[in-house]
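> After the sequence you'll find the predicted model.
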Amino acid sequence: MTVKVEKIEGGVPHTTILAAGLIASVVCIYLTYANVLTGTQLFSFFGGLGTVAALIWGSHTIKHLCSYGIGTGVPSAGMIAFGSGVIAMLFATKYGIAAPIVAVVLAAVIGLILGYLANNVLNMRIPVMIQSLVEMAIIGALVLMGYAAMMTGSFELTSLTTGNVQILGLSLPSYQASFLGGALIATAFMLGAIAIQHPFNACLGPNWTQDRMLMLAAECGFLSMITAAIMSMPLISMSAALVSLFVAIIGWYYTYAKYIELSKRDAAAWLESKPIPDVEGH
Amino acid sequence: MSAIGAKPAAGAAVDTTAMVVGIIILLLVIGATYYLFGSGLAFMALIGIIIGGVLIGFGVHFVPVGGAPAAMGQAPGIATGVAMLAAGAGLAGLFGGAWAAELGVVVATITGAIGGGLMMAITCMFVNFIYVFGMGIPSASGKVTKDPITGDTQAEFKSQGTEGHGLPFVSYVGGVIGGLFGGAGGTLIYLMLLDLYEEELPAMMNALPAQIVPIAVTLAGMFAIGMFLVNAVLAAYNITGTIEGPHDPKFKRFPRAVVASAVASAICGIVAIMIVAL
């Protein structure tokens, strides 16, 4: 399995995307800590922006890995990313303010061991295997932490497990109305896992272009962010959830329009059809 | 290097050094767990997780994964990737087993196995239904001349230029066996973690045992899904994406996947245990 089918030609090099994605994602997740400093929940949407940054980086990592025919299909890469990432992310939330850093380090360790297993024990012998699985695990952990921060306003284990229920005007603590207790993490898992593998799966082929795939990754990220914003409504204040939703819809619309533009640029020809065509001759 | 001139995959060769390193990592993790938490519930949970992970990794080798060539009727197997099949069969088993969690480990694990096996049986049946009546192709294996179970000859049904097509009987049986293993493994991981979390979380979170049930279920379920996908994808890497079933020569590669699954489960397991026990 050392056949490299396609080469990355031109465009932004992978290391640049790696560095930009990692820094932007961690910084955005840390910006949600402004919630604690200012006593509001309005900064939760930064968590969603962090996931978009990590997903853009992730789609390029998948491109990097899957351009060596690994034979298992592109979705499997997204699944192993989130399978290893969720373990690192949940453990890291125990460490309070240091959680994103702990998640990155622990995910890197898990990814390193999984990469060694895949490359040496399973004899895959793909040059970028270990590095890619390390990146994938970090991306999985950061995306899930971003969604956690966005839906609950915090990335600490206590706020992920404890919610509030209003009964007759009284605010009672409840473990069921929370990110973990309500199993919103399962939805976040799939929102991220599908968003990370879709861009390369949709754009691969001889006319693959980097900017189009990355724009689709951003579009998928914002689309998932819209869903996450809706799911955050029971957990954080309505104004904060609406800010997240607003940011997500603006981002989604912009990236979607850009993606359609880039698709038309790369297409040989296209027919401008409407969702509901006008029937002539009536 | 062009794709045509390239050598085929490393194939069935076993890298002894890497296997030994893998086993050493496994023993280190088991030893670390014993040293940190003693021989109590946490240690038993780690052993259960490793057994569950190995069952998943081994089970994937039975499932007839066809991939894209199968969708075009050019290779036998179910026309999708391991990640999808594992998520379908394994999680169906896990959810089935989770319902029976209160009835004890044995009943719940068997329930999970039956859930996974049933899911695969239904999938295989309708896959064959569509192959035979929808695409109009007979079932024939390309890797063996006679079906090892029924003894039916395969060659006269196989179209030229293909590696076989459809789901021969042995692949169907393999799929069901793979579902049984996968469902049992996923459920075992879930049960072990659930027991541990229900024991440890009340003290850690300062709450009543009844209150933390949703948290314990979600944590155990998410870790089980995570480990399930990691083991399934590692096994998929071992068979380089496609396999016909237990009669396929690639099946003989399973020792590598057993070691890899055991190590991966141990690493993920110790992290999942440390979330409550550290």
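All right, it came through fine.

> Which residue, neighbours along the chain excluded, lies closest to B:F37?
Counting by Cβ to Cβ, 6 or more residues apart in numbering or on different chains, B:A277 is the residue found nearest to B:F37 once chain neighbours are left out, at 5.3 Å. The C-beta positions use only the backbone N, C-alpha and C, and glycine is treated the same way.

> so what's the one you found up against?
By Cβ atoms under 8 Å, 6 or more residues apart in numbering or on different chains, B:A277 lies in contact with B:L36, B:F37, B:A42, B:L196, B:E200.

> Chain A versus the first one, what's the distance?
Using Cβ to the nearest Cβ, to the nearest Å, we find B:L36 at a distance of 14 Å from chain A.

> before we move on, the earlier item: ok, and the most crowded of the contacts of B:A277?
B:L196 (27 neighbours; other Cβ atoms under 10 Å in any protein chain shown).

> in what helix or strand does that residue lie?
Per DSSP states H and E: B:L196 is located in helix B:169-205.

> Now do the contacts for B:G245.
By Cβ under 8 Å, 6+ apart, the residues touching B:G245 are B:F62, B:V63, B:P64, B:G77, B:P168, B:V170, B:S171, B:V173, B:G174, B:G175, B:F251.

> Count the residues that sit near the second one.
By other Cβ under 10 Å, the residues close to B:V63 number 32.

> Next, count neighbours for the nearest residue to it once chain neighbours are set aside.
Using Cβ to Cβ, 6+ apart and skipping the chain neighbours, the partner closest in space to B:V63 is B:G178 (3.7 Å). If you count neighbours by other Cβ under 10 Å, B:G178 ends up with 31.

> before we move on, what about B:L94?
Using other Cβ under 10 Å, B:L94 is surrounded by 26 other residues.

> Find the nearest non-adjacent residue to it, please.
Closest to B:L94 by Cβ to Cβ, 6+ apart is B:G186, at 4.0 Å.

> got a list of what the residue of the stretch 151-282 of chain A at minimum distance from chain B touches?
The minimum distance from the stretch 151-282 of chain A to chain B, using Cβ to the nearest Cβ, falls at A:G181 (3.9 Å). By Cβ under 8 Å, 6+ apart, A:G181 lies in contact with A:T161, A:G163, A:S174, A:Y175, B:P214, B:I215, B:T218.

> Under the pLDDT cut-off, which ranges of the chain? List them.
No chain in the question, so chain A it is. A:1-10, A:166, A:168, A:277, A:281-282 (pLDDT under 70).

> hmm, I had chain B in mind actually
For chain B, applying pLDDT under 70 flags the ranges B:1-12, B:278.

> Repeat the analysis, applying 90 as the threshold.
B:1-19, B:33, B:36-42, B:60, B:65-105, B:128, B:135-168, B:198-218, B:236-255, B:274-278 (pLDDT under 90).

> What is the helix holding B:L196 packed up against?
Helix B:169-205 sits against helix B:41-60, helix B:82-99, helix B:105-129, helix B:213-238, helix B:254-277, with contacts defined as 3 or more Cβ pairs under 8 Å, 6 or more residues apart in numbering or on different chains; DSSP states H and E.

> Only the buried residues of the fourth one, if you could.
Taking 16 or more other Cβ atoms under 10 Å in any protein chain shown as the neighbour-count basis, helix B:213-238 is seen to contain the buried residues B:213-238.

> now that helix, how far from the chain's geometric center?
11 Å (Cα atoms, centre = their mean, to the nearest Å).

> deepest of the helices and strands packed on helix B:169-205, which one?
Greatest average neighbour count among the helices and strands packed on helix B:169-205 goes to helix B:213-238 (a mean of 27), per mean count of other Cβ atoms under 10 Å in any protein chain shown.

> quick one: is that helix near chain A?
Yes - with Cβ under 8 Å from any Cβ of the partner chain as the criterion, chain A is reached by helix B:213-238 at B:214-215, B:217-219, B:221-223, B:225-230, B:232-234, B:236-238.

> Give me the helices and strands touching that helix, please.
If you count contacts as 3+ Cβ pairs under 8 Å, 6+ apart, helix B:213-238 packs onto helix A:74-92, helix A:184-203, helix B:41-60, helix B:82-99, helix B:169-205, helix B:254-277.

> ok so, going back, quick one, which of the helices and strands packed on helix B:169-205 gets closest to A:G205.
helix B:82-99 (20.6 Å; Cβ to Cβ).

> From the contact counts, what lies against that closest one?
So helix B:82-99, by 3+ Cβ pairs under 8 Å, 6+ apart, packs with helix A:74-92, helix B:41-60, helix B:105-129, helix B:169-205, helix B:213-238.

> quick one on the thing from earlier: can you redo the helices and strands packed on helix B:213-238 as CSV, where the extra columns are distance to A:M238?
CSV is the format used below for the helices and strands packed on helix B:213-238 (distance: least, Cβ to Cβ, whole Å):
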stretch, distance to A:M238
helix A:74-92, 27
helix A:184-203, 17
helix B:41-60, 41
helix B:82-99, 33
helix B:169-205, 27
helix B:254-277, 32
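
> Of all those helices, which one is nearest B:I25?
helix B:254-277 (5.3 Å).

> Strands along the stretch 151-282 of chain A, start to end?
Along the stretch 151-282 of chain A, the segments classed as strands by DSSP state E, counting those that start in this stretch run A:163-167, A:170-174.

> which other helices and strands contact the last one?
What that stands for is strand A:170-174. Taking 3+ Cβ pairs under 8 Å, 6+ apart as contact, the helices and strands that strand A:170-174 lies on are strand A:163-167.

> By proximity to chain A, which residue of the stretch 51-200 of chain B wins?
Closest point on the stretch 51-200 of chain B to chain A, by Cβ to the nearest Cβ, is B:G81, at 3.5 Å.

> Spit out the contact partners of the residue lying closest to that residue once chain neighbours are set aside.
Spatial nearest neighbour of B:G81, chain neighbours left out: A:G73 (3.5 Å); criterion: Cβ to Cβ, 6+ apart. For A:G73, the contacting residues are B:G67, B:A68, B:G81, B:V82, B:A83, B:G241, by Cβ under 8 Å, 6+ apart.

> which phi and psi does A:K274 have?
Per-residue torsions, A:K274: phi -100, psi 160 (degrees, to the nearest 10).

> What distance do you get for B:R253 to B:G57?
From B:R253 over to B:G57 the distance is 11 Å, taken as Cβ to Cβ, to the nearest Å.

> Please work out how many residues are found near the nearest residue to A:I56 once chain neighbours are set aside.
Nearest residue to A:I56, sequence neighbours excluded (Cβ to Cβ, 6+ apart): A:A217, at 4.6 Å. By the measure other Cβ under 10 Å, the count of residues near A:A217 is 30.

> And for B:Y172?
21.

> Tell me how far it lies from B:P255.
25 Å.

> go on, A:A183?
Plainly put, A:A183 is 37 Å away from B:P255 if you go by Cβ to Cβ.
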